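Enquirer: sequence below, structure please.
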Amino acid sequence: MGTWTTVVKAAVAASASYAIAARLGPAQYASLAPVIALFTVQGSVIETLGQGLQLVVGNVLGVALTAVWVGYVGTTWWSILVAVLVSLGVARLLPLGSAGQYQIPLAVLLTVLLGSGSESYGLHRVIAALIGGVVGIVVGVATPERPPFRRAQQTQFAWAQALIDQLSAIADALERQGKDLGERERHPFVDTSTALSEVAAEGTHATLVAEEGVFFNPRGRKERDQLGLLRRRQRELARITLQIRVISMTVDQLYDRPSIAPVLDRVDAAGLLRGLEALFRDRREGHDVVEDSLALRARIAHSVTSVAAREPDAYDVLESVSLLGRLEQLREEITVDVGDRSTKSADLDDADTRPDPDPSEIDLPDGYPAQVREADGGTDAPPA
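Expert: Modelled structure (predicted):
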């Protein structure tokens, strides 16, 4: 239902639209106006505009289709069947949301059933839809709500916790004596890695809604600093999500496979993941993590040296070194803006200049089992 402000705006829009529609036309046809206005008003200005336009377009198309059809064949049981089937088919093909799509068959059905005895029903329905949509948009846009920073912060907190849980899940799998998964089965943490895309999308959307509130609300423009912090955190989480998803796929590729024997011991890899998990958690809680980050960097470097010393052929250790490199990249992303000069880009301003990654667009590591790629949607498709 949104905030109390949204509730009040919806009630005002519904009442005003009915008063206007009843004044301009027959009162018995004015009832559609408050319904359209009620569904038009949303907490977001962009959502209000989109919802209002879809509802109006859906009603206009529905009435227009019905007027042509009934004019040719009249009202019978089979004409209603054909009209509903065609309207549903047309709605599916149009680039409208569910609100606009459902309005088309609904307008067709009501016009056929209720308007058969009145030639002006279709016209009055279109007018009422226009009034409801316009009033809803005017009320929604003219009284923008405060930027929903609290909602965005809660979403980002849940996003960060999901990332911490994912690191923990990978470490758990490595700490247990794994079973041979063959070439087709995947570790359970691969599913939770894929689910991170939805978590990231929700967090990104919440930030965009807050940004919209600052842009459209004159009072919200005073909160640009808070928005800037929110956007920086969103970028940070997006980059870390990208790294963690790649690590998830790499670990799944290397361990518990019959044809691969990674040089990096699984317990050592789990220990590094535990270190990254603790580093990220402490970073999110506001602790000073510079010393811990440098210590973890030294552990990763030692693991690289140790792995390289075990095998004379560099190709044999390539996969393990690649995994260690991804762990080091994740460490850098976690500490990129805390003054850790061991990172490639330690300044916050430098971090903000990097493009926002899409956590759903991830190339699977080279050599990733073909059947796992197919399970993710295609030979070269990234995980959904």
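Enquirer: and the next helix or strand past the helix or strand Leu85 falls within?
Expert: Counting by DSSP states H and E, the element that carries Leu85 is helix 77-93. For helix 77-93, the following helix or strand on the C-terminal side (DSSP H and E) is helix 98-114.
Enquirer: tell me the average confidence for that next one?
Expert: Looking at helix 98-114 alone, the average pLDDT works out to 76.
Enquirer: could you do stretch 153-164 as well?
Expert: Stretch 153-164 carries an average pLDDT of 94.
Enquirer: what are the buried residues along that stretch?
Expert: Residues of stretch 153-164 classed as buried: 153, 155-156, 159-160, 162-164 (neighbour count, 16 or more other Cβ atoms under 10 Å). Glycine gets a C-beta too; all of them are placed from N, C-alpha and C.
Enquirer: distance from the chain centre to that stretch, please.
Expert: Its chain's C-alpha centre and that of stretch 153-164 lie 13 Å apart, by Cα atoms, centre = their mean, to the nearest Å.
Enquirer: for the top helix by length along the chain, buried residues please.
Expert: Longest helix of the chain, by residue count under DSSP state H: helix 224-254. For helix 224-254, burial by neighbour count (16+ other Cβ under 10 Å) applies to 226-227, 230-231, 233-254.
Enquirer: before we move on, what about stretch 18-25?
Expert: So for stretch 18-25, counting by 16+ other Cβ under 10 Å, buried means 18, 20-22, 25.
Enquirer: thinking again about what came up before, the buried residues of stretch 153-164 into a markdown table, with extra columns for secondary structure?
Expert: Conversion of those to a markdown table gives the following (DSSP: H, G, I helix; E, B strand; the rest coil):
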| residue | secondary structure |
| --- | --- |
| Gln153 | helix |
| Thr155 | helix |
| Gln156 | helix |
| Trp159 | helix |
| Ala160 | helix |
| Ala162 | helix |
| Leu163 | helix |
| Ile164 | helix |
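Enquirer: just the closest of the residues you listed to Val139, please.
Expert: Thr155 (26.9 Å; Cβ to Cβ).
Enquirer: how about low-confidence regions in the stretch 151-300 of the chain?
Expert: 216-222 (pLDDT under 70).
Enquirer: let's see it at 80
Expert: For the stretch 151-300 of the chain, applying pLDDT under 80 flags the ranges 177-179, 212-225.
Enquirer: all helices of it, in order?
Expert: According to DSSP state H, counting those that start in this stretch, the stretch 151-300 of the chain carries its helices in the segments 188-216, 224-254, 266-284, 290-310.
Enquirer: next: the stretch 1-150 of the chain.
Expert: Along the stretch 1-150 of the chain, counting by DSSP H, counting those that start in this stretch, helices occupy 4-24, 32-40, 45-73, 77-93, 98-114, 121-142, 149-175.
Enquirer: can you add distance to Leu323 and give the ones you listed back as a markdown table?
Expert: A markdown table is the format used below for the helices of the stretch 1-150 of the chain (distance: least, Cβ to Cβ, whole Å):
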| stretch | distance to Leu323 |
| --- | --- |
| helix 4-24 | 48 |
| helix 32-40 | 51 |
| helix 45-73 | 42 |
| helix 77-93 | 45 |
| helix 98-114 | 43 |
| helix 121-142 | 50 |
| helix 149-175 | 11 |
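Enquirer: domain assignment for this structure?
Expert: 4-142, 149-375 (automatic domain parsing).
Enquirer: quick check: end-to-end length of the shortest one?
Expert: Between the start and the finish of domain 4-142 there is a gap of 16 Å, counting by Cα to Cα, to the nearest Å.
Enquirer: wait, which of the helices of the stretch 151-300 of the chain is closest to Gly58?
Expert: helix 188-216 (23.9 Å).
Enquirer: now the angle from that closest one to helix 121-142?
Expert: Helix 188-216 runs at 80 degrees relative to helix 121-142, counting by axes from the mean of the first three to the mean of the last three Cα atoms, to 10 degrees.
Enquirer: so what does helix 188-216 touch, helix or strand wise?
Expert: helix 45-73, helix 149-175, helix 224-254 (3 or more Cβ pairs under 8 Å, 6 or more residues apart in numbering; DSSP states H and E).
Enquirer: 6 Å instead, please
Expert: Judged by 3 or more Cβ pairs under 6 Å, 6 or more residues apart in numbering; DSSP states H and E, helix 188-216 is in contact with helix 149-175, helix 224-254.
Enquirer: what helix or strand is Glu332 located in?
Expert: Going by DSSP H and E, Glu332 is part of helix 318-334.
Enquirer: buried set for that helix?
Expert: So for helix 318-334, counting by 16+ other Cβ under 10 Å, buried means 319-321, 323-324, 326-334.
Enquirer: related to what we said a few turns ago, CSV for the helices and strands packed on helix 188-216, including distance to Val63?
Expert: Formatted as CSV, the helices and strands packed on helix 188-216 follow (distance: least, Cβ to Cβ, whole Å):
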stretch, distance to Val63
helix 149-175, 38
helix 224-254, 42
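Enquirer: how far does the longest helix of the chain sit from its chain's centre?
Expert: The mean C-alpha position of helix 224-254 is separated from the chain mean by 13 Å, Cα atoms, centre = their mean.
Enquirer: helix 266-284 and that one, what's the angle between them?
Expert: Using the same axes, to 10 degrees, helix 224-254 lies at 170 degrees relative to helix 266-284.
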